[in-house]
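Participant: Okay, structure incoming, though there's no sequence with it:
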């Protein structure tokens, strides 16, 4: 679930993306933040491909309805498995049956997966090693706080 202000923070980060590298969303429950990020990318005219690391379950109906013209590459992988696959690179079939290219730098990341301090920090460090210059991170639902991080 998005906190008040997340949409504006996503809009700000997408408006300042440093490159056309992929945008990463860690975890997607019913596709709400996936659809918001897709909408903001669309409104800003950004060509960035959205890659979503989802915990194993189905969210494709909501995403097909709201973002059918720009489906993300959604992969049924917990974040630890996602980062291992991203670092290996190569191709993988997404939940929509399309081939998705993995690997390389990221332009933006939204971290909203496992909400434990340990896993959120792990996800942040994994993303931080992959983001392009002038990165923006959106960390959601970290216990006790929600913050936009812009190094």
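Facilitator: Right, received. Where do you want to start? In this text the structure is predicted, and so the values were computed from the model without any measurement.

Participant: going forward, measure contacts between C-alpha atoms and count neighbours the same way
Facilitator: OK.

Participant: what's across from residue 100 in the sheet?
Facilitator: Applying DSSP bridges to residue 100 gives these bridge partners: residue 92.

Participant: Just to check, it is in contact with residue 86?
Facilitator: No: at 10.6 Å, residue 100 does not count as touching residue 86 under the criterion of Cα atoms under 8 Å.

Participant: For this protein, which segments count as helices?
Facilitator: 6-15, 32-43, 60-67, 79-88, 117-128 (DSSP state H).

Participant: Could you dump the ones you listed into TSV and include distance to residue 25?
Facilitator: Converted to TSV, those look like this (distance: least, Cα to Cα, whole Å):
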stretch	distance to residue 25
helix 6-15	11
helix 32-43	7
helix 60-67	14
helix 79-88	10
helix 117-128	10
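
Participant: Could you look over the ones you listed and pick the most buried one?
Facilitator: Among the helices of the chain, helix 32-43 has the highest mean neighbour count (mean count of other Cα atoms under 10 Å), at a mean of 20.

Participant: now that one against helix 60-67, angle please.
Facilitator: 20 degrees (axes from the mean of the first three to the mean of the last three Cα atoms, to 10 degrees).

Participant: Please determine how far the closest residue to residue 80 other than its chain neighbours is located from residue 69.
Facilitator: If the residues on either side of it in the chain are set aside, residue 80 comes closest to residue 123, at 7.9 Å by Cα to Cα, 6 or more residues apart in numbering. Residue 123 sits 29 Å away from residue 69, taking Cα to Cα, to the nearest Å as the criterion.
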